[in-house]
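Student: Quick one, structure for this:
(one chain, ligands or ions: 2)
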Amino acid sequence: MNARPPAFQAAAEAPSVSTAKPFLDELFEDGVLIPSGVDGLYGRSGAFEEVIDRFETLVERFSKEDGAVKIHFPPAMPRVNMEKSGYLKSFPQLAGSVHSFMGNDMDHCRLIAAIAEGADWSEFQKPTDLVLTPAACYPLYPTVAAKGAVPAEGLLFDLKSYCFRHEPSKEPTRMQFFRMRENVCIGTAEQVTEFRERWLARGPELLRSLDLPCVLDVANDPFFGRGGKLMARNQRDQQLKFELLVPVNSVENPTACLSFNYHQDHFGTLWGMTREDGEKAHSACVGFGLERIALALFRQHGSDPATWPEAVRKVLWG
Ligand code: AMP
Ligand code: ZN
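Tutor: Numbers count the residues shown, from 1 in each chain. Ligands and ions are numbered 1, 2, ... in the order given. Model (predicted):
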């Protein structure tokens, strides 16, 4: 992977049958990502991390201007909060929980024997109080609710977390562990929709300043099962989720690099986040998929950031 790949050349120039190497293999060969043996779990090169750092500085400029409070939660949250959040109702297929050995000496001997025999040893692992954070904003709501009424001017947060989703894939943009930077607004319906509008304008501007082609579209979350289809349709009909799509793996199936979600008063009601006037708080979040944005940049501009277009380098490195 050096310059702009064939996938992003004008359609007329593009070969009709792709002989290109899978993007993931190119990333491994170029040392941008380091394989672990498990799909969706990778090491990151220094250059990759630096691109993410620089991009986050751009986002943070806006968050600071807005007066957002910065909080970074660890990549795990209390199990009880995931249960209460409804995540296991909507996305059981994505959730991950933390288990640990809690037995005695006898159990330990049986554990070691099971591993030595290549047998299933999961019966020796018991659930801890922790689950893996599925989205950066999930740990926030119960902590806001615990602090009392949401002030009249609303609340703004700037969050970041490693997130886990069990969706192993050969597409490098679909990882099992990835980072989400999120800005979250909690307040009245007007305050949070205005917040989302502001980011719906900023998001495309930000990506275009990095010479990334992008398009906004209405979207839905991957709700599980038959019942989930109805929830997905409802979410689309009400335009509760938008995504900013960038061609990374292919032009035909661009990748969601940013999400803009309006939760109405769902989390306000669930967690008891109440405004000073006694009404349930509304909330909205804008999530930046940091690995996806970095991958979009590497895909668009090549494997060595030193050779990226001067204008792009200037935006990132000043
Ligand atoms: P979502 O909560 O699904 O809207 O996710 C927020 C953002 O995280 C998305 O816009 C993506 O950029 C990013 N994201 C979601 N799932 C993954 C994944 N499996 N791997 C990498 N990034 C992801
Ligand atoms: Zn969120």
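Student: Of all the residues in the stretch 51-200 of the chain, which one is nearest ligand 2?
Tutor: Using C-beta to the ion, the single residue of the stretch 51-200 of the chain nearest to ligand 2 is C137, 3.2 Å away. Where you see a C-beta, it was placed from the backbone N, CA and C, and this is true even at glycine.
Student: ok, that residue - contacts?
Tutor: 157, 159, 182, 184, 285, 287 (C-beta atoms under 8 Å, 6 or more residues apart in numbering).
Student: for it, phi and psi?
Tutor: phi -90, psi -10 (degrees, to the nearest 10).
Student: what residues go with each domain of the protein?
Tutor: 6-96+134-317, 99-131 (automatic domain parsing).
Student: Mean pLDDT added to those, as JSON lines?
Tutor: Below are the domains of the chain laid out as JSON lines (pLDDT from 0 to 100):
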{"stretch": "domain 6-96+134-317", "mean pLDDT": "95"}
{"stretch": "domain 99-131", "mean pLDDT": "98"}
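Student: out of those domains, nearest to ligand 1?
Tutor: Nearest to ligand 1, of all the domains of the chain, is domain 6-96+134-317, at 1.9 Å by C-beta to the nearest ligand atom.
Student: Run a quick neighbour tally on the closest residue to V215 other than its chain neighbours.
Tutor: Spatially, and ignoring its direct neighbours in sequence, V215 is nearest to L245 (5.3 Å; C-beta to C-beta, 6 or more residues apart in numbering). Neighbour count of L245, defined by other C-beta atoms under 10 Å: 18.
Student: hmm, stretch 196-212 in reach of ligand 1?
Tutor: No: Stretch 196-212 stays out of contact with ligand 1 when judged by C-beta under 6 Å from any ligand atom, the minimum separation being 10.1 Å.
Student: Any part of that stretch near ligand 2?
Tutor: No: Stretch 196-212 is not in contact with ligand 2 by C-beta under 5 Å from the ion; minimum separation 11.3 Å.
Student: Pull out the buried positions in that stretch.
Tutor: Buried residues in stretch 196-212, defined by neighbour count with 16 or more other C-beta atoms under 10 Å: 196, 199, 202-204, 206-207, 210, 212.
Student: Filter those residues down to the ones in helices?
Tutor: Judged by DSSP state H, the subset of the buried residues of stretch 196-212 located in helices is 196, 199, 202-204, 206-207.
Student: for the helix or strand where A113 lies, packing partners?
Tutor: Remark: A113 resides in helix 105-116, with elements defined by DSSP states H and E. Applying 3 or more C-beta pairs under 8 Å, 6 or more residues apart in numbering; DSSP states H and E, we find helix 105-116 packed against strand 97-101.
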